[in-house]
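Asker: got a sequence here, can you model it:
(2 chains)
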Amino acid sequence: MNKIPYEFAAWENTPWGIVAIDVEGRVCAINPGFERNTNLAIPSLIGLSEADFDQRLQGVQMLDRSRIEITDGSLRAIHYVRCAGNDGHERQAYRFAEVMREPLASIYGFAEMMLTQDYDEQTRRELTAMLLNQAEVMASLLNEQIAIRQSWRRATDSLTSGGE
Amino acid sequence: MKKILIVDDHPVIRKMIHLALRDDRFELSEACDADAAYQMILAAKPDGLVLDVMMPGELNGYQLCERIKQTPALASIHVVLVTACGQVADQEFGRSLGADAYFVKPFSPVALGAHLKSALLKEIS
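Answerer: Residues are numbered from 1 along each chain as shown, chains lettered A, B, ... in the order given. Purely as a prediction, here's the structure:
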């Protein structure tokens, strides 16, 4: 599936396990969260019929599970699952930390170099501009993360209230 | 002159490392992913490699490190992994692949420069 960056980030990082069923009724896509939640290996599920997929899920202890019918013709359904004891939150925190470490590395590094090295005025200006730019990148990443979490909170609330 | 290849998909990080390693005794070059880096390594074997781990493309930094260390003609390249993967298990994995050093972002570019000067220039410093 082609996904734009924020869709990809949501697909990869959500604590929910998500499984897409194609119009033929077979499992066609599974996100990493599904494997983390259920400990079922993705390759063993791709291509299964929806009935066989349901069979494989029997015995998996779930906190929550939903199936949403898709009516636009692109897919048949999306399954959402959430299990107890998965370390999704911890993994999410690590992933987020990895993303934040990139601009933080620039800010830390350029600041240290400006403090310890002698640069001409032009270079100092360039480094200062990069510091500001990377601070803005960090702010954007934080805002994006908050937006993703708010979106998932709304989706979760909608699912747990029966899609009202 | 020691050749160092800087590999990172973030141009700002490449620029920072480039600036930190600026030295008359180093010849610096850059690549934005591991696949391009591998071709550059085959064309002109560097003495040192500053290698990010998570990059787009067929190869990530771990895989490139492993490939270099398993190739006898390239194994002497001093590989420094510079990465946002900060867990102890990540560092252990990097070292198990043969990485000579592991810097976790955010890191001190001054310390990185000192490390490479010590590792690559010790015989002439």
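Asker: export the longest helix seen in chain B to CSV, keeping only CA atoms.
Answerer: Taking DSSP state H as the criterion, chain B has its longest helix at helix B:109-121. What follows is helix B:109-121, C-alpha atoms only, in CSV (Å, rounded to 0.1, in the frame of the first residue of the first chain):
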residue,chain,number,x,y,z
PRO,B,109,30.7,16.0,17.4
VAL,B,110,33.8,17.1,19.2
ALA,B,111,34.1,13.7,20.8
LEU,B,112,33.4,12.0,17.4
GLY,B,113,36.2,14.1,15.9
ALA,B,114,38.6,13.2,18.7
HIS,B,115,37.7,9.5,18.4
LEU,B,116,38.4,9.4,14.6
LYS,B,117,41.7,11.4,15.1
SER,B,118,42.8,8.9,17.7
ALA,B,119,41.7,5.9,15.6
LEU,B,120,42.9,7.0,12.2
LEU,B,121,45.8,9.3,12.9
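Asker: near chain B, which residues of chain A?
Answerer: By Cβ under 8 Å from any Cβ of the partner chain, the part of chain A that sits against chain B consists of A:94, A:97-99, A:101-110, A:112-113, A:116-117, A:130, A:133-134. In short, each C-beta sits where N, CA and C put it, glycine included.
Asker: on that earlier part again, any bit of the longest helix of chain B sitting next to chain A?
Answerer: Yes: using Cβ under 8 Å from any Cβ, helix B:109-121 reaches chain A at B:109-110.
Asker: excluding chain neighbours, what is closest to residue A:142?
Answerer: residue A:100 (8.0 Å; Cβ to Cβ, 6 or more residues apart in numbering or on different chains).
Asker: and the one you found, how many neighbours?
Answerer: Other residues within reach of residue A:100 by the criterion other Cβ atoms under 10 Å in any protein chain shown amount to 18.
Asker: cool, and residue B:107?
Answerer: Close neighbours of residue B:107, defined as other Cβ under 10 Å, add up to 21.
Asker: max-length helix in chain A?
Answerer: Max-length helix for chain A by DSSP H is helix A:121-160.
Asker: mind listing what's buried in it?
Answerer: Across helix A:121-160, burial judged by 16 or more other Cβ atoms under 10 Å in any protein chain shown covers A:127, A:130-131, A:134, A:137-138, A:141, A:145, A:148, A:156, A:159.
Asker: so for that helix, mean pLDDT?
Answerer: Here helix A:121-160 scores 83 as its mean pLDDT.
Asker: same for it, what does it pack against?
Answerer: Secondary-structure packing of helix A:121-160 (3 or more Cβ pairs under 8 Å, 6 or more residues apart in numbering or on different chains; DSSP states H and E): helix A:5-13, strand A:62-69, helix A:88-116, helix B:11-20.
Asker: for residue B:17, see how far away the residue of chain A most remote from its centre is.
Answerer: Here chain A reaches farthest from its C-alpha mean at residue A:120, the gap being 42.9 Å by Cα atoms, centre = their mean. Distance of residue A:120 to residue B:17, given as Cβ to Cβ, to the nearest Å: 20 Å.
Asker: phi and psi next, for the residue minimising distance to the centre of chain B.
Answerer: The centroid of chain B falls nearest to residue B:50 when counting by Cα atoms, centre = their mean (1.7 Å). Main-chain dihedrals, residue B:50, degrees, to the nearest 10: phi -100, psi 110.
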